[in-house]
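Engineer: the following block contains a protein sequence and its predicted model.
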Amino acid sequence: MKALVIEKPGQAHVVEVPRPEPKPGEVLIRVERSGICGTDVHIFRGEYLGSYPVTPGHEFSGVVEALGPGARRFAVGDRVAVEPNISCDACPTCLSNRQNFCEGWKAVGVTLPGGMAEYTCAPEKAVFAIGDLPFSAGAFVEPLSCVLHGVQRVAPQLADRVLVVGAGPIGVLLLQAVLATGASAITVVDKNASRLALASAAGGRTVTTLASLDEVPRDAFEVVIDATGVPAVMQRCVEWAAPGGRALLFGVPPSGARLSLDAFAIFRKGLSVLSSYTSVRNSLQAVRLLQSGRIDVRPLVSHELPLERFVEGVELIERGAPGVLKILITPGVGRA
C-alpha cells in the first residue's frame, strides 16, 4: 500500500509499505479522508510530540476492512472514525478519568502509524461508527471531540458573552459548540475576511466579527477562547476577559514558546486561565452532534488532495493562503 512517511522534520515522501494486519483487539481501516491538522504541521516541522519516522494523520475516517482476533463491535464494511489517543486504562491518571494524560500515552498518527496511508490499524476501543455521515464529516470527529472537551473545560453559561480569536476551521467549530451552550453573543476576530464571513454565516445574528485585535473591547467577555496558538495573541486574552471571566488557551503553540501574562490583571479580575489538551471520551458526543446537524462542517472543507500533495497542503496552511480552511487528504480512491 501507499503511505506518507515523515522521515525527519521537513522531509516527507510517499512510499510503498506492507499493508498492516490487525492485531488482537484491533480494526484495519481503509482510509477515505484524513485531515491535515496544525499538529501535523508541527510534527512535519519538528515542533511537537512525535517520533520519526512516522506516518501522520490523526483526523481520519474510512471503512472497516478487517478485524483482528477478539474484535467484535464492528463488521467489515462499517463506516468509522477514530479517536487517536490510546490510553492504557490502568495508570493513576486513567483511573481518575484523565485518559488524555495517560502515563503510557500513544496516539495514532503521532507515535503510531496514522491515517495518511491507504490503510491503518487502530484499537477497537478507539473506533466509532459514523453511520451515513460523509467521510469528509467523519474526518472532523477527532478535532470536534477536542473542541468539545475545551468548551466543557471553560464551561460557558447561559447568556455569556464569548470572544473567539481565530476563525479557521477550529475557531468555527468552537463557535458552533459555544452556540450550543446558549451564549447570548459571540465576537469572532480574524484578519482574513473570508474566514470572518464563514464565521458570520455559521453563527447568524449571534455573531459579531472584527478584523483587528485592537478593535476588541477590554473587560467585555465572560469567556475568551484563543484558537490561534500564537503566543503574542494568547497573552492578550487576560486583557479582554471580564471580571470573574474565564480564558481558554485552546490553540497549539510551538513547543518551548513562552507567555507574558499580566499577573495583576488576573488577580484583580479574579480570572480563571485554562488550557485544554486533546479530549476525554468526547468522540461519541462529536458523532452525535455531526449527525444531528447542530455542528455543520461542510463549509469548512476547502481542499481535497491526494496523498502525494501532503507537503503542498502543509505549505498552503502555513501561508494562510486565501480560501484555505480544512485540507483533507484522500489516500485511496476518494469515496463520498
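Structural biologist: Noted; the coordinates are in hand. Bear in mind that the values here come from a model prediction, so they are computed numbers and not experimental data.
Engineer: okay, CA-based contacts and neighbour counts for the rest of this
Structural biologist: Fine.
Engineer: quick one, helices of this structure?
Structural biologist: Secondary structure of the chain by DSSP state H: the helices cover 38-45, 92-95, 135-138, 141-154, 169-179, 193-203, 231-234, 237-240, 263-269, 283-292, 310-319.
Engineer: the fourth one versus helix 283-292: what angle between them?
Structural biologist: When you say that, I think you mean helix 141-154. 110 degrees (axes from the mean of the first three to the mean of the last three Cα atoms, to 10 degrees).
Engineer: helix 141-154: how far from the chain's middle?
Structural biologist: For helix 141-154, the distance from its own C-alpha centre to the chain's C-alpha centre is 8 Å (Cα atoms, centre = their mean, to the nearest Å).
Engineer: pull the helix or strand with minimum mean pLDDT from the protein.
Structural biologist: helix 38-45 (a mean of 89; mean pLDDT, DSSP states H and E).
Engineer: CA atoms only: put it into CSV for me.
Structural biologist: Once non-C-alpha atoms are left out, helix 38-45 reads as follows in CSV (Å, rounded to 0.1, in the frame of the first residue of the first chain):
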residue,chain,number,x,y,z
GLY,A,38,-2.0,22.1,13.0
THR,A,39,-0.4,19.2,15.0
ASP,A,40,0.6,17.5,11.7
VAL,A,41,2.2,20.8,10.6
HIS,A,42,4.1,20.9,13.9
ILE,A,43,5.2,17.3,13.5
PHE,A,44,6.4,17.9,10.0
ARG,A,45,8.4,20.9,11.2
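Engineer: what helices or strands is it leaning on?
Structural biologist: Secondary-structure packing of helix 38-45 (3 or more Cα pairs under 8 Å, 6 or more residues apart in numbering; DSSP states H and E): no helix or strand packs against it.
Engineer: quick one, domains of this structure?
Structural biologist: 2-140+297-330, 152-275 (automatic domain parsing).
Engineer: ok, which of those domains comes nearest Ser283?
Structural biologist: Comparison of the domains of the chain against Ser283 by Cα to Cα identifies domain 2-140+297-330 as nearest, at 6.6 Å.
Engineer: quick one on the thing from earlier: tell me which of the domains of the chain sits nearest to Ala286.
Structural biologist: Within the domains of the chain, the stretch nearest Ala286 is domain 2-140+297-330; the backing value is 8.3 Å (Cα to Cα).
Engineer: how far does the closest one sit from its chain's centre?
Structural biologist: Distance of domain 2-140+297-330 from the chain centroid (Cα atoms, centre = their mean) equals 11 Å.
Engineer: okay, the helices of the chain in TSV with distance to Ala107 next?
Structural biologist: What follows is the helices of the chain, written out as TSV (distance: least, Cα to Cα, whole Å):
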stretch	distance to Ala107
helix 38-45	12
helix 92-95	15
helix 135-138	18
helix 141-154	12
helix 169-179	20
helix 193-203	30
helix 231-234	26
helix 237-240	30
helix 263-269	35
helix 283-292	15
helix 310-319	20
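Engineer: mind checking which of those helices is nearest Ala126?
Structural biologist: Nearest to Ala126, of all the helices of the chain, is helix 283-292, at 9.0 Å by Cα to Cα.
Engineer: list the buried residues in the closest one.
Structural biologist: 283-284, 286-287, 289-291 (16 or more other Cα atoms under 10 Å).
Engineer: could you say which one of the helices of the chain comes nearest to Ala257?
Structural biologist: helix 231-234 (6.9 Å).
Engineer: tell me how far that closest one lies from the chain's centre.
Structural biologist: What separates the centre of helix 231-234 from the centre of its chain is 19 Å, taken as Cα atoms, centre = their mean.
Engineer: what does stretch 210-230 give?
Structural biologist: Chain-centre distance of stretch 210-230: 20 Å, with Cα atoms, centre = their mean.
Engineer: that one: which residues count as buried?
Structural biologist: Those would be 210, 216, 219-230, for stretch 210-230 by 16+ other Cα under 10 Å.
Engineer: send me it as PDB with only the CA atoms.
Structural biologist: Extracted in PDB, the C-alpha atoms of stretch 210-230 (Å, rounded to 0.1, in the frame of the first residue of the first chain):
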ATOM      1  CA  LEU A 210     -13.900  42.100  13.900                       C
ATOM      2  CA  ALA A 211     -10.900  42.300  11.700                       C
ATOM      3  CA  SER A 212      -8.300  43.500  14.200                       C
ATOM      4  CA  LEU A 213      -7.300  42.600  17.700                       C
ATOM      5  CA  ASP A 214      -7.200  46.300  18.500                       C
ATOM      6  CA  GLU A 215     -10.900  46.600  18.000                       C
ATOM      7  CA  VAL A 216     -11.700  44.100  20.700                       C
ATOM      8  CA  PRO A 217     -13.100  45.800  23.800                       C
ATOM      9  CA  ARG A 218     -11.400  45.300  27.100                       C
ATOM     10  CA  ASP A 219     -13.000  43.600  30.100                       C
ATOM     11  CA  ALA A 220     -16.000  42.600  28.000                       C
ATOM     12  CA  PHE A 221     -16.400  38.900  27.800                       C
ATOM     13  CA  GLU A 222     -17.200  36.200  30.300                       C
ATOM     14  CA  VAL A 223     -15.400  33.700  28.200                       C
ATOM     15  CA  VAL A 224     -12.400  34.300  25.900                       C
ATOM     16  CA  ILE A 225     -11.100  31.500  23.700                       C
ATOM     17  CA  ASP A 226      -7.800  31.600  21.800                       C
ATOM     18  CA  ALA A 227      -7.900  29.400  18.700                       C
ATOM     19  CA  THR A 228      -4.600  30.800  17.100                       C
ATOM     20  CA  GLY A 229      -1.900  29.200  19.200                       C
ATOM     21  CA  VAL A 230       0.100  32.400  18.700                       C
END
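Engineer: having no further points to raise, I will conclude here.
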